[in-house]
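**Q** Need coordinates for the below:
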Amino acid sequence: MSELHVEGLTLTAGARQLVHDVTLTAREGETIGLVGPNGSGKSSLLRAVYRVLRPETGTVLVDGADAWSLSPRQLARTLAAVVQEPPSGIDLTVREVVAMGRTPHKRLLSGDTTEDVALIDAALSSVDAVALSDRPFERLSGGERQRVLIARALAQQPSLLVLDEPTNHLDVRHQLEILTALRRLPATVLVALHDLNLAAYYCDRLYVLRDGGVVASGPPQEVLTPRLLAEVYEVTAEVAVHPRTGRPHVTFLPADVPVPDMDR
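**A** From the prediction side, this is the model:
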C-alpha cells in the first residue's frame, strides 16, 4: 500500500484556474473520497495525480517520491487509474484489455505467466465480467466497459488506485459490488464520487471541493452536514445516521418542502 501526499497544488488551463492551493493526504490503506459539484476540480486534481495534467505549482508525492520525476513504467508499477471517459478505438477482446494491466510488470513482448493468467482471471471475476472475456471491447455497453477498465486496473496490482467516477454507467448492484471490492484491496484508494451516500459508506475521509479549492475535509460524519451541502451544492438536505449501516445518509429535499433550522 502506498501513501499519497498532494501539497499546495495549483492547476491551470490557459488563463483559467482549475485547482488552487489544494493539499490532500491519503495514508496507507485509506479510501479517500473527492466530492463536490460539477466543475469543482475533482477530475483535474485526479489528472495531476495520475500525471496527465502538470501542476502549475505544488507537488504530488507517491511514497515520498515526486510522481512527475518517475518514469511512466515506474509509476505504473505503483499507481493505476480509471478515468471518467472510457477510451475508444480499442480493437481488442475484453480479456486482452484486462491483460494490459500486467504490462508494467513484464518485459517487452513477453507472454503471460501462470501468475498473470490467475490475476487476469481474478480481476474479471471481481467485476462480474468473466462472461464477457471473449467479446470485443468496442461492442460493450457503457457499464460493461467501465467494469472491464476497473478490472484492468485491478490486474495491474497497484498499491495506489485512482478512480474518477467509477460508478458511472453502472447499475446499483454493480456499483455496490465494485466499491466493496475496492474497499477490500490491499491498496490506497483515491476516488471521485457524485453519490454522497456511496461516498459516506465506502470512504474513510472526504475532501469537499468547490470552485477548485478544498472547503472541508474529514470523516463523512463530520463533513456531510446540511449547512455544508446547502453552501456547496445549493440544495436543501437532511442528514441522519442510517440505522443499518451506522453511516451518514443524505436525503435531498425539493425547494418547496419546509425544513427546520439547519444543523451547524
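**Q** For the nearest residue to G212 once chain neighbours are set aside, give me its contacts.
**A** Setting aside the residues directly before and after it, G212 is nearest to G41 in space (CB to CB, 6 or more residues apart in numbering), at 4.1 Å. No exception for glycine: its C-beta is placed from N, CA and C like everyone else's. With contact taken as CB atoms under 8 Å, 6 or more residues apart in numbering, G41 is in contact with L11, L18, V19, V22, L209, D211, G212, G213.
**Q** So, low pLDDT: which residues of this protein?
**A** 86, 259-264 (pLDDT under 70).
**Q** Try it again at 80.
**A** Within the chain, the stretches with pLDDT under 80 are 85-89, 107-111, 255-264.
**Q** What ranges does the chain have for its helices?
**A** Assigned helices in the chain, in chain order: 42-49, 72-76, 94-99, 114-126, 142-155, 172-184, 196-202, 220-223, 226-233 (criterion: DSSP state H).
**Q** Do I have it right that E144 meets D128?
**A** No - assessed by CB atoms under 8 Å, E144 is found out of contact with D128, at 9.7 Å.
**Q** Compare these two (neighbour count), which wins?
**A** Under the neighbour definition other CB atoms under 10 Å, E144 and D128 were set side by side, and E144 has more, 20 against 16.
**Q** any idea how far the residue nearest to that one when sequence neighbours are not counted lies from L149?
**A** Distance criterion CB to CB, 6+ apart; nearest residue to E144, sequence neighbours excluded, is L132 at 6.1 Å. Plainly put, L132 is 12 Å away from L149 if you go by CB to CB, to the nearest Å.
**Q** for A26, same thing?
**A** The spacing between A26 and L149, counted by CB to CB, is 21 Å.
**Q** Then P248?
**A** From P248 over to L149 (counting by CB to CB), the distance is 29 Å.
**Q** coming back round to it: how about the helices of the chain, which one is nearest I32?
**A** Ranking the helices of the chain by their distance to I32 (criterion: CB to CB) puts helix 196-202 first, at 10.0 Å.
**Q** Report all helices and strands that that closest one contacts.
**A** With contacts taken as 3 or more CB pairs under 8 Å, 6 or more residues apart in numbering; DSSP states H and E, helix 196-202 sits against strand 31-35, helix 172-184, helix 220-223, strand 248-253.
**Q** Distance check, the residue nearest to G212 against L228.
**A** When CB to CB is applied, the distance between G41 and L228 equals 17 Å.
**Q** Any idea how far stretch 187-194 is from the middle of the chain?
**A** With CA atoms, centre = their mean, to the nearest Å as the basis, stretch 187-194 stands 3 Å off its chain's centre.
**Q** er, stretch 203-214 I mean
**A** Averaging C-alpha coordinates over stretch 203-214 and over its chain gives two centres that are 13 Å apart (CA atoms, centre = their mean).
**Q** Farthest-apart pair in the contacts of G41, please.
**A** Pairwise distances across the contacts of G41 peak at 12.9 Å for L11 and D211 (criterion: CB to CB).
**Q** Neighbour count: these two, which is higher?
**A** The neighbour comparison of L11 against D211 (other CB under 10 Å) goes to L11, with 22 against 14.
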